[in-house]
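Asks: next comes the sequence, and after it the predicted model I'd like to discuss.
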Amino acid sequence: VYLWELAWILPSFAIPVGMLAALAVTAFGAGINVAGDQGRIDPRKVAEHPLFKEPGVVEIAPGQFEVRMTAQIWAFAPNEIRVPAGSTVHFWATSKDVVHGLLVPRHNINVMLLPGQIAHAQARFDTPGEYPIICHEYCGIAHHTMAGKIIVEAKR
Amino acid sequence: VTRTERRLAAANLIVALVALFGGVTTGLFQALGYAGVELYSSLAPVIRSHYHSLSIHGVLNALVWTTFFICGFLPFISSRSLGAPLANPHLGWLAFWLMVGGLALAAVPLVGNAATVMFTFYPPLKAHWAFYIGLTLVVAGTWLVTLNLALTWRAWRARNPGVCTPLPAFMSLVTFVMWTIASLGLAAEMLVLVIPWSLGWLSGTDALLARTLFWFTGHPIVYFWLLPAYISWYTLVPRQAGGKLFSDPMARTSFILFLVLSTPIGIHHQYADPGIHQGWKLLHALLTFAVFFPSLLTFFNVVASLETGARARGGRGWVAWFRALPWSDPSLAAQVLAMVLFAFGGIGGLVNASFNVNLVVHNTAYIVGHLHLTVGTAVTLTFMGITYWLVPHLAGRPLWSPGLALGQVWLWFAGMMIFSPTLHELGLRGMPRRTMISQVSYMQPEWQALLPLVGIGGFLLFASAGLYFLNVALTMVASDRTPQPAVEFAETLSGADQAPVFLDRWRPWLALAAILIAVAYGPTLVRLAITTPLTTPGFRVW
């Protein structure tokens, strides 16, 4: 192996290894993680499941909100969520029919809603404003109408 | 190479080009739609909706154009490099007609709006059974191509004991063996879950199990598309550039790594899926990063080979030699420009594969921007470049206009330089993919300013494709008959004689591939297979 071949090979190893290390730090140090395994649910009996009996927003602790959300063609329930600025919002969601998606741009909320699986994602909303909740998986002819919003209200 | 190989290549090429024509036409409708020009009311009843058009676009371009081109090109290349005809010409034609039959069967519901489920057909969206059976027959046809290539290689090996397999034949066989292993996931999804369910034999299905089997095949399928382009870059382009392949052993090494590493990484498409533990996702991220290594080997080897050509033509300097390549050859220009854009596609792919960074881009327009650099340019523009010598050779007629071809190639590059970066940026701004954006209720002002650029870029790409088809068609009807040579394989600086024997063996590498797949996929697939009730009903909601 010549020196200039080494000059190519070593960065080829070092770059991906360095990137993986950075990923591990952000995922497990800073807690920015991808979807995991939260268990199954029978998609035909979503309404009977304790989490999804009454879709809506619940304050589970000061500044901590839980959104219990169902997706079906072509709507989210609830489709409007109001929280005060500085809140952490935990989404628990599932689909009653086909595959849907849950995307809140710029807030690291990006998870698939599969019939049969419970999905979880969380993010902090610091800046007051209105943010779209978007279904980002093709789910039929009116897919582009499937959306909701998060309204982050300034603290009084 | 006998008449059979030439005719088989030509037959596959005809199907591929017809598919590409349908694919770029529906692509134009998509691009104009982004810019706010929705043509669907005037396209009815042929094209019923944005999603009907998008399903046709994906199936024709990503599945049909690629697969048929590859099944025409690689057996032809392989047979030329071994200096031997295909082991079984009847098997070759059986594979072709099986694929054509499957395609016809799948095309009926696809065109008839009974399979508007995208090329990923995620259950529980439920298409007509003919769509699934048709696609499965196409895959079965590709397995027969693998068998024929393997038989051809074995017959050659028996006549040439102890000789290192010529590089193009070796790479072609690696490509098809890798694909055959990878396609087992799709075959299982089709045969066990989707086909029985679409026929009404099973009352339900499961979204996660189906997606996991799909992506077992769905990531390596991109290497099935890409490796034939690499084969051209490694074994033909150095000669077209006036140089030699830098290193044959390094090229073999990279292909063996693709054979081993292509499949056990598919879960990086499922980072956003609930129901798979983060630990498995992280392992697939790690293995995906490992594929970065053979990709960089390829980059180094191919660029070094181009440099030998440019320097032989008088090129000087650290980077200025790049200008000395024979840019007037449209076949070479197409493939070098495809490489340039693929560098950005590779970098973007690393972003997608980067575990939690994927949260920013998953299922957004960023992915559309990415895949139009990879399959839409690295693969498609390379294949177009190949046809600029292959069609004249097979037809025995010179290319109608090399000048027009050169313009076509640069127009594709220009169109993609507008189209793809715009979609990347729109994705970063949160715009979803696979969505009729002109009609959404949540249009963001920061998207609106960029959307016309998608339409302009897409229109330039369509115009480029139009010039391409015009040139190919006029070659067939308006050029005089004069035999045209095929491009010869490149000589090497460091040749096959330098390759260690273990690089020309199969069993250890196949065993390693099987072990990695078992480790990366075994526990998840076994758990899902045991614990998943097939109870999710199907829906036809388009």
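Replies: Yep, that arrived.
Asks: quick one: the strands in the chain?
Replies: Using chain A here. A:56-61, A:64-72, A:75-77, A:80-84, A:87-95, A:100-104, A:109-113, A:119-125, A:129-134, A:147-153 (DSSP state E).
Asks: actually chain B
Replies: Counting by DSSP E, the strands of chain B are B:245-247, B:492-494.
Asks: so which of these is the most packed in?
Replies: Compared across these, strand B:245-247 shows the largest average neighbour count, a mean of 24 (mean count of other CB atoms under 10 Å in any protein chain shown). (C-beta placed from N, C-alpha, C; glycine too.)
Asks: so is that one next to chain A?
Replies: No - against chain A, strand B:245-247 shows no contacts by CB under 8 Å from any CB of the partner chain, the least distance being 9.8 Å.
Asks: follow-up on the earlier one: worst mean pLDDT among the strands of chain B?
Replies: For those, mean pLDDT drops lowest on strand B:492-494, to a mean of 90.
Asks: now the closest residue to chain B within chain A. Nearest residue, chain neighbours left out?
Replies: Residue of chain A nearest chain B, by CB to the nearest CB: residue A:105 (2.3 Å). The shortest distance from residue A:105 to any non-neighbouring residue, by CB to CB, 6 or more residues apart in numbering or on different chains, is to residue B:430 (2.3 Å).
Asks: burial count for the one you found?
Replies: Neighbouring residues of residue B:430 were enumerated by other CB atoms under 10 Å in any protein chain shown; the total is 25.
Asks: related to what we said a few turns ago, turn the strands of chain B into a markdown table, including distance to residue B:327.
Replies: Below are the strands of chain B laid out as a markdown table (distance: least, CB to CB, whole Å):
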| stretch | distance to residue B:327 |
| --- | --- |
| strand B:245-247 | 20 |
| strand B:492-494 | 23 |
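Asks: nearest to residue B:420, out of these?
Replies: strand B:245-247 (28.9 Å; CB to CB).
Asks: sheet partners, orientation included, of that closest one?
Replies: Paired with strand B:245-247 in the same sheet, following DSSP bridges, are strand B:492-494 (parallel).
Asks: ok, residue B:152 - contacts?
Replies: Residue B:152 is in contact with B:78-79, B:82, B:84-87, counting by CB atoms under 8 Å, 6 or more residues apart in numbering or on different chains.
Asks: ok, residue B:214 next?
Replies: Residue B:214 neighbours (CB under 8 Å, 6+ apart): B:120, B:122, B:185-186, B:189.
Asks: and which of those residues is nearest to chain A?
Replies: Nearest to chain A among these, with distances taken as CB to the nearest CB, is residue B:122, at 5.0 Å.
Asks: how about that closest one: what's its closest non-neighbour residue?
Replies: Closest to residue B:122 by CB to CB, 6+ apart is residue A:99, at 5.0 Å.
Asks: list of residues touching the worst-scoring helix or strand of chain A on mean pLDDT?
Replies: Within chain A, no helix or strand scores below helix A:3-24, which has a mean of 81 by mean pLDDT, DSSP states H and E. Residues outside helix A:3-24 that contact it (CB under 8 Å, 6+ apart) are A:1, B:282, B:285-286, B:289-290, B:292-293, B:296-297, B:300, B:350, B:354-357.
Asks: quick revisit: tell me which of the strands of chain B sits nearest to residue B:372.
Replies: Comparing those under CB to CB, the one sitting nearest is strand B:245-247, at 28.8 Å.
Asks: so how far is that closest one from its chain's centroid?
Replies: Relative to its chain's centre, strand B:245-247 lies at 24 Å (CA atoms, centre = their mean, to the nearest Å).
Asks: likewise stretch B:173-184?
Replies: Distance of stretch B:173-184 from its chain centroid, counting by CA atoms, centre = their mean, is 13 Å.
Asks: run through the residues that contact the one residue sitting closest to the centre of chain A.
Replies: Geometric centre of chain A, nearest residue: residue A:109, 3.2 Å, by CA atoms, centre = their mean. Neighbouring residues of residue A:109 by CB under 8 Å, 6+ apart: A:91, A:102-103, A:121-123, B:359.
Asks: quick revisit: alpha carbons of the least confident helix or strand of chain A, as PDB, please.
Replies: Once non-C-alpha atoms are left out, helix A:3-24 reads as follows in PDB (Å, rounded to 0.1, in the frame of the first residue of the first chain):
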ATOM      1  CA  LEU A   3       1.300   6.500   1.000                       C
ATOM      2  CA  TRP A   4      -1.200   8.200  -1.400                       C
ATOM      3  CA  GLU A   5      -3.500   5.100  -1.300                       C
ATOM      4  CA  LEU A   6      -3.400   5.300   2.500                       C
ATOM      5  CA  ALA A   7      -4.300   9.000   2.200                       C
ATOM      6  CA  TRP A   8      -7.400   7.800   0.500                       C
ATOM      7  CA  ILE A   9      -8.200   4.700   2.600                       C
ATOM      8  CA  LEU A  10      -7.900   6.300   6.000                       C
ATOM      9  CA  PRO A  11     -10.400   9.100   5.500                       C
ATOM     10  CA  SER A  12     -12.700   6.600   3.900                       C
ATOM     11  CA  PHE A  13     -12.800   4.900   7.200                       C
ATOM     12  CA  ALA A  14     -12.500   7.900   9.400                       C
ATOM     13  CA  ILE A  15     -15.400   9.900   7.900                       C
ATOM     14  CA  PRO A  16     -18.100   7.300   8.400                       C
ATOM     15  CA  VAL A  17     -16.800   6.300  11.800                       C
ATOM     16  CA  GLY A  18     -16.800  10.000  12.900                       C
ATOM     17  CA  MET A  19     -20.400  10.500  11.500                       C
ATOM     18  CA  LEU A  20     -21.600   7.400  13.400                       C
ATOM     19  CA  ALA A  21     -20.100   8.700  16.600                       C
ATOM     20  CA  ALA A  22     -21.900  12.000  16.100                       C
ATOM     21  CA  LEU A  23     -25.200  10.200  15.500                       C
ATOM     22  CA  ALA A  24     -24.800   8.100  18.700                       C
END
